[in-house]
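J.: everything below, folded, please.
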Amino acid sequence: MHVHFIAIGGSVMHQLAISLKYKGYIVTGSDDEIFEPARSNLGKAKILPTETGWFPEKITNDIDAIILGMHAKHDNPELEKAKTLGIKIYSFPEYIYKEGKDKIRVAVGGSHGKTTTTAMIMHVLKAAEKDFDYLVGARLQGFDQSVNITNAPIIICEADEYPASVIEKKPKFHFLFPHIAVITGIAWDHINVFPTFNFYLEQFAVFISKIEANGVLIYNGSDEILKKLVEENKRADLRYEPYRLPTYFIEDGKTEVMIEGRKSMPLKVFGNHNLLNLNAAYLVCKELGVGAHVFVKAITEFAGAAKRLELLASNDKYNIYRDFAHAPSKVKASIEAVKQQFPGRKLIAVLELHTFSSLNENFMKEYEGTMENADKAVVFYSSHALELKKMPELQKEKISNGFAKENLVVINKKEELEKFLIKENYFNTNLLLMSSGNYEGLDILNLQIKA
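T.: Numbering: from 1, shown residues only. Reported below is the predicted structural model:
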């Protein structure tokens, strides 16, 4: 089997390429830019392209399949050559389905919590010594790759609603056809792709329609929007498993959970959103034959996915957390989680606006109330991010009006953010840094903060 990747350097694309190489396939690829860690990873697997750019002469009749990445444009010369030769072209999720056709397919979708829920399932299945393949959008402790394709009987997929490729613009999760599906919740996001909430909602209705007959839908029953969507799209050939918060206890900044009468040791993760994710993960594992006793024992060792309330630094005076939160529902959930876990500590929450949606002044009203539980709230954005996305300048007052948070601090220069963070006193404080970017390269870990 010879598979060629157009845009092999993507964060998940290169992981699939490496996995197929290890499976024994002939793997080639091209890209016009390949950054770290993809460059080193591809080099180690001996499939790093010898030079960057697009080379239509690489596309020959001996190629069995083309996998097209999102980075490739519609007029890509390799793509045009592949069409001319009639070679089968797959988007990433279409190819995942091809490899998983004969497996039990699990797809975890939702506006938030996809990565963590998928990671929890993977962690428990590994502890239970189940053989499975996987696709997840983050680095996970205990797993060398974020994509693994073998001959395992099960595949666990994080199911993204973003478009599949430049020629297949339907959401990725429409191509996975799961036997076990999860929807963690619905909150409007990606307004550059889904300009209205109803259009966004419609994509989840389609996802439900794609679940295999006699499958199961596990969904967040405490999300009223999702609950209504499920009721309006009921299928007689599906089983439905709504979930809510499990029974839990918080003491001295540690959380314990009760699953089917079995109490865990203190968890390494916390927050209502993570407990909801945990319950969803349990129901999936139960479907796959893992009992409550095994699940509870395994989940206590789950340390979380990278950048999901990740503890960067800690002492007896303060904790510093890094979180991927950027959409309104995620920001609100992360702030509430830290405040609930440490009610006696001051919370300084710093949010970077970095995505297309979050930098759009028309979307700003969606953030109203999201930072209310922070004792001190900061919103940072950079002109450079706006330039890269070819977006107009964003006025500070638009942000202040949208968030409607009293005494909100709005900063648009990296140097000012650095000064703010250094000046603060962190005695009995938690610092929560939320971003899908990197604060314009600010070295958070080496800031001279004091308690």
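
J.: from residue 47, how far out is residue 12?
T.: Residue 12 sits 15 Å away from residue 47, going by CB to CB, to the nearest Å. For glycine as for every other residue, the C-beta is placed from the backbone atoms N, C-alpha and C.

J.: over to residue 279?
T.: Residue 279 sits 40 Å away from residue 47, going by CB to CB.

J.: can you check residue 430 too?
T.: Distance of residue 430 to residue 47, given as CB to CB: 43 Å.

J.: name the residue in the two with the higher neighbour count.
T.: residue 430 (22 against 19; other CB atoms under 10 Å).

J.: let's check: the centremost residue of this structure is which one?
T.: The centre of the chain sits closest to residue 115, judged by CA atoms, centre = their mean, with a distance of 4.3 Å.

J.: you'd agree it is up against residue 158?
T.: Yes. Between residue 115 and residue 158 there is a contact under CB atoms under 8 Å: 5.9 Å.

J.: what's the next secondary structure element after the helix or strand bottoming out on mean pLDDT in the chain?
T.: Least confident element among the helices and strands of the chain, by mean pLDDT, DSSP states H and E: helix 383-388 (a mean of 83). Using DSSP states H and E, the helix or strand that follows helix 383-388 in sequence is helix 396-403.

J.: tell me which helix or strand comes right after that next one.
T.: Once the chain leaves helix 396-403, the next helix or strand it forms, by DSSP H and E, is strand 409-411.

J.: ok, then the element right after that next one?
T.: For strand 409-411, the following helix or strand on the C-terminal side (DSSP H and E) is helix 414-423.

J.: contacting residues around that next one?
T.: Here helix 414-423 makes contact (CB atoms under 8 Å, 6 or more residues apart in numbering) with 350, 378, 380, 382, 409, 411, 431, 439-442, 444, 447-449.

J.: cutoff 10 Å now
T.: Residues from elsewhere that reach helix 414-423 (CB atoms under 10 Å, 6 or more residues apart in numbering): 348, 350, 352, 376, 378, 380, 382, 384, 409, 411, 413, 431, 433, 439-444, 447-450.

J.: can you flag which of the residues you listed belong to strands?
T.: Among these, DSSP state E puts 348, 350, 352, 376, 378, 380, 409, 411, 431, 433 in strands.

J.: and the fourth one, what's its pLDDT?
T.: The per-residue pLDDT reported for residue 376 equals 97.

J.: hang on, the earlier thing: overlap in contacts, residue 115 and residue 158.
T.: When contacts are counted by CB under 10 Å, 6+ apart, residue 115 and residue 158 are jointly contacted by 108, 136-138, 146, 305.

J.: what's the distance between the helix or strand hosting residue 218 and the middle of its chain?
T.: Element membership for residue 218 (DSSP H and E) is strand 216-220. The chain centroid and the centroid of strand 216-220 are separated by 18 Å under CA atoms, centre = their mean, to the nearest Å.

J.: so the residue lying farthest from the centre of the chain, which state does it fall into?
T.: Of all residues in the chain, residue 61 has its C-alpha farthest from the mean position, at 36.3 Å, by CA atoms, centre = their mean. The three-state label given to residue 61 by DSSP: H, G, I helix; E, B strand; the rest coil is coil.
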